[in-house]
Every structure is written in C-alpha cells, then in structure tokens.
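# sequence first, predicted model second:
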Amino acid sequence: MVALIVLILLLLLLGGGGLLAPALQILWIVLVIGLILWVLGFFIRAAEGSRWYYW
C-alpha cells in the first residue's frame, strides 16, 4: 500500500512537471545538499584514520 502511494506521488511529481516545477527544483536542491553532506562526511571520516565501512 505504501509503495503504491509512493509510486503515485512520484508519477504526479515527474509527470506533472509543468504544475510541479518548483517542487522538482526543491528536490534537486535537497539532493545536492545531501550529496555534499555525504561527501564531507566521507572525507572527515577518512581524515580521522578510521575505516568508512564496518565489515
């Protein structure tokens, strides 16, 4: 049920680009900020000398 709701929301978001263009822009900004934080965390962990994986 949750997957169906997520699928419908994604289709509305991506299919209705004309109506939801600001929402798409916000999602891209959130994606870029998350990617920057991930890369910073990756390099900060590498600088500490510890492994970035736990296996």
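Received it, and whenever you're ready, just let me know what you need.
# so in the chain, where's the weakest helix or strand by average pLDDT?
Using mean pLDDT, DSSP states H and E, the weakest-scoring helix or strand in the chain turns out to be helix 2-15, at a mean of 72.
# let me see the ranges of the helices in the protein.
For the chain, the helices defined by DSSP state H occupy 2-15, 21-47.
# next, format those helices as a markdown table and append mean neighbour count.
Glycine gets a C-beta too; all of them are placed from N, C-alpha and C. Output for those, formatted as a markdown table (neighbours: other Cβ atoms under 10 Å):
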| stretch | mean neighbour count |
| --- | --- |
| helix 2-15 | 10 |
| helix 21-47 | 10 |
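# pLDDT below threshold where in the chain?
12-21, 46-55 (pLDDT under 70).
# next one: I33 relative to V2, how far apart?
Distance of I33 to V2, given as Cβ to Cβ, to the nearest Å: 25 Å.
# likewise L9?
11 Å.
# common neighbours of the two, please.
Counting by Cβ atoms under 8 Å, 6 or more residues apart in numbering, L9 and V2 have no shared contacts at all.
# run through the residues that contact I5.
I5 neighbours (Cβ under 8 Å, 6+ apart): none.
# number of nearby residues for M1?
M1 sits with 5 neighbouring residues when counted by other Cβ atoms under 10 Å.
# against V30, how distant is it?
In terms of Cβ to Cβ, M1 sits 25 Å off from V30.
# do L10 as well
In this view, L10 and V30 are 15 Å apart by Cβ to Cβ.
# please apply the same query to I44.
From I44 across to V30, the span is 21 Å (Cβ to Cβ).
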